[in-house]
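Novice: Sharing a model prediction with you, sequence too.
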Amino acid sequence: MKKELANSVALSLIWATIACGAPRTSVADVADGDKQITIRIHNYAQIESSVLLKAERTTDDILREAGVEVVWIVCSAGTIPAKEPSCGTPMGPTDVILNLLPESMSRRFHLRGDAFGVALEDAEGGLGSDAWIFCDLVKDAAAQRQLTQSVLLGTVIAHELGHLLLSTNSHSAFGLMRANWSRKELSAAEQRATYFSSSESKRIQQALMSRRRSRER
């Protein structure tokens, strides 16, 4: 299976007003077992539990609007493994690994300085399983622009999960999956008004169902 890194969302250096993108989308049907993902967190950055919990809630809200429910499992904090038994089980078809990195680990990716994270996509169209968030950069950006750290972190996590769930060519011209976030995207994120588009939501649901069913054959 061929894998490739997806370019992360980055903070745009251009603060000009841009045209309005797609409005918030709400998926009518409630997520079921076929539309659920499990996120195994490795908190190498040792993000405070209160900040991480609020970030998870932000991500939950975004994915729930796309018809997807999330199960969060903390598998390590720093270098200390968690005692959660499910962390030692084999990865399921809709399990993903989320690595929260400090600056010392983020710089190993040698990406441009304004990148907030990166995801390993499945180039063959399947569901990717690994994403990395550069937590110090997110924290610094939030402080510099008077944004809520947990909200920005949760939105960045949703973006990187979008790469895993949408597979290749997952950047869009506007909104959550835009490659470079301008003032408009940051404002929407702070107001917790950033979501996947209707078409992206449908693609995500289809990808989850397809991946789960392929494992059942």
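Specialist: Right, received. Where do you want to start? Numbering: from 1, shown residues only.
Novice: Using PDB, list the CA coordinates for the strand or helix carrying Lys54.
Specialist: Lys54 belongs to helix 49-65 when assigned by DSSP states H and E. Only the C-alpha atoms of helix 49-65 are listed here, as PDB (Å, rounded to 0.1, in the frame of the first residue of the first chain):
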ATOM      1  CA  SER A  49      -5.400  17.500  30.100                       C
ATOM      2  CA  SER A  50      -7.800  20.400  30.300                       C
ATOM      3  CA  VAL A  51      -6.500  21.900  27.000                       C
ATOM      4  CA  LEU A  52      -6.500  18.500  25.300                       C
ATOM      5  CA  LEU A  53     -10.100  17.800  26.500                       C
ATOM      6  CA  LYS A  54     -11.300  21.100  25.100                       C
ATOM      7  CA  ALA A  55      -9.500  20.400  21.800                       C
ATOM      8  CA  GLU A  56     -11.100  17.000  21.600                       C
ATOM      9  CA  ARG A  57     -14.500  18.600  22.000                       C
ATOM     10  CA  THR A  58     -13.800  21.100  19.200                       C
ATOM     11  CA  THR A  59     -12.800  18.200  16.900                       C
ATOM     12  CA  ASP A  60     -15.800  16.200  18.000                       C
ATOM     13  CA  ASP A  61     -18.100  19.100  17.000                       C
ATOM     14  CA  ILE A  62     -16.500  19.400  13.500                       C
ATOM     15  CA  LEU A  63     -16.600  15.600  12.800                       C
ATOM     16  CA  ARG A  64     -20.100  15.200  14.200                       C
ATOM     17  CA  GLU A  65     -21.400  17.800  11.700                       C
END
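Novice: Now Leu100: which helix or strand?
Specialist: Assigned by DSSP H and E, Leu100 belongs to strand 95-101.
Novice: so what secondary structure elements neighbour the helix or strand that contains Val138?
Specialist: Taking DSSP H and E as the criterion, Val138 maps to helix 135-144. For helix 135-144, the elements it packs on are helix 103-106, helix 149-166, judged by 3 or more CB pairs under 8 Å, 6 or more residues apart in numbering; DSSP states H and E. Any C-beta I mention is one placed from the backbone N, CA and C, and that applies to glycine too.
Novice: can we see that at 6 Å?
Specialist: Secondary-structure packing of helix 135-144 (3 or more CB pairs under 6 Å, 6 or more residues apart in numbering; DSSP states H and E): helix 149-166.
Novice: Spatially nearest residue to Thr58, not counting backbone neighbours?
Specialist: Spatial nearest neighbour of Thr58, excluding adjacent residues (CB to CB, 6 or more residues apart in numbering): Gly154 at 2.6 Å.
Novice: looking only at pLDDT, what's the mean for the helix holding Lys54?
Specialist: For helix 49-65, mean pLDDT rounds to 97.
Novice: can you give me phi and psi for Gly175?
Specialist: Per-residue torsions, Gly175: phi 70, psi -160 (degrees, to the nearest 10).
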